[in-house]
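Enquirer: starting from these lines, generate the structure:
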Amino acid sequence: MVESTRAIRRRIRGIKNIQQITKAMQMVAAVRYARMRSAAENARPYVTKLQEVMANLRQSMTSIEHPLFARREVRKIWCVLFTGDRGLCGTYNMNIIGEANRFAEAQAPRQIEWFIIGKKGHDALKRKGYPIKAFFPTGSGELSPPDMRNLVNDLIHGYEAREVDEVHLLFTQFVTVLTHRPTQVKILPLEGGRDRGEDQVQTDFIYEPSAQEIITSLAPLFIETQIFHAIIESFVSEQAARMVSMRNATDNADEIIRDLTLRYNKARQASITKELIDIVSGAEALRAA
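Expert: Residues are numbered from 1 along each chain as shown. This next block holds a predicted model:
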């Protein structure tokens, strides 16, 4: 059945409307990406330096008296999964949810409970029947400060109370605009000092107050910093994926519009030709009569 010119015009108009939406979403994602990429790049040196300070503190101590360093047999794991609240961002959510499934399978038969940031991860894991300990919607894509504090306090207090034996983060690490790497990091228990028997380079520092007091103060901050860094990395990865996805959608809409315009012109030309043939045939019939 030949498509009418009216139907083709209607399709072109609808695709142009969709293209306007995808272009607007691309621009919004580009603005958020630029802002959050700057935040991620600024946070990385801070996280790296804090890791170095913690490593030096641990090396200077033969043993550490702190509940967050306590190791025990792993029977129960808490995992914090970072996803988005919305789709239209390519394979961003699918990749990190797939990593969560692989992590759950690798840890069996240990019990895993999930702290989920983002509606997409919550819906996917709920459908699979995974036990969800807490859910934090992100709304605009960022975790609110009260939710951030609650999450950190829940993880620390749960580990200190021996409710859980390990705590892991599952997030998307930003590499480039086109490359985002699902990453798994264990944040609890914290690694101990030189009693682990590893060959480490000892750096001489003078601590005031004592190294034990400093590490007691830094341990919660270190965990909070790692979670904050995971949130930033995930969010900038999501915005980069959405920006690329919406740009591709906009370009595809251009191609479809060009194809439909060509079909419209051909259909219109065929319609005009048919009308001309009818007119000429009618005129010839009148002349013959």
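Enquirer: and the nearest residue to M54 once chain neighbours are set aside, what's its pLDDT?
Expert: Spatially, and ignoring its direct neighbours in sequence, M54 is nearest to F222 (5.6 Å; CB to CB, 6 or more residues apart in numbering). Placement of C-beta: from N, CA and C, glycine included. Looking at F222, its pLDDT stands at 90.
Enquirer: neighbours around F222, how many?
Expert: Counted with other CB atoms under 10 Å, the neighbours of F222 add up to 18.
Enquirer: so where is this structure shaky, pLDDT-wise?
Expert: By pLDDT under 70, the low-scoring segments of the chain are 1-3, 61-63, 139-142, 192-205, 289.
Enquirer: recalculate using a threshold of 90.
Expert: Along the chain, the model assigns pLDDT under 90 to residues 1-8, 35-72, 85-87, 90, 108-109, 137-150, 190-220, 263-289.
Enquirer: quick one: the helices in it?
Expert: 5-59, 92-107, 119-127, 145-160, 211-288 (DSSP state H).
Enquirer: can you redo those helices as JSON lines with distance to W78?
Expert: Shown next, in JSON lines, are the helices of the chain (distance: least, CB to CB, whole Å):
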{"stretch": "helix 5-59", "distance to W78": "21"}
{"stretch": "helix 92-107", "distance to W78": "11"}
{"stretch": "helix 119-127", "distance to W78": "13"}
{"stretch": "helix 145-160", "distance to W78": "7"}
{"stretch": "helix 211-288", "distance to W78": "12"}
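Enquirer: to H180, which of the ones you listed lies closest?
Expert: helix 211-288 (3.9 Å; CB to CB).
Enquirer: my read: F235 touches M36, true?
Expert: Yes: here F235 reaches M36: they are 5.3 Å apart, a contact under CB atoms under 8 Å.
Enquirer: more crowded one of the two?
Expert: Neighbour tally, F235 and M36, criterion other CB under 10 Å: the higher count belongs to F235, 29 against 23.
Enquirer: what distance do you get for that one to Q19?
Expert: 26 Å (CB to CB, to the nearest Å).
Enquirer: same check on D251?
Expert: Note on D251: its distance to Q19, by CB to CB, is 9 Å.
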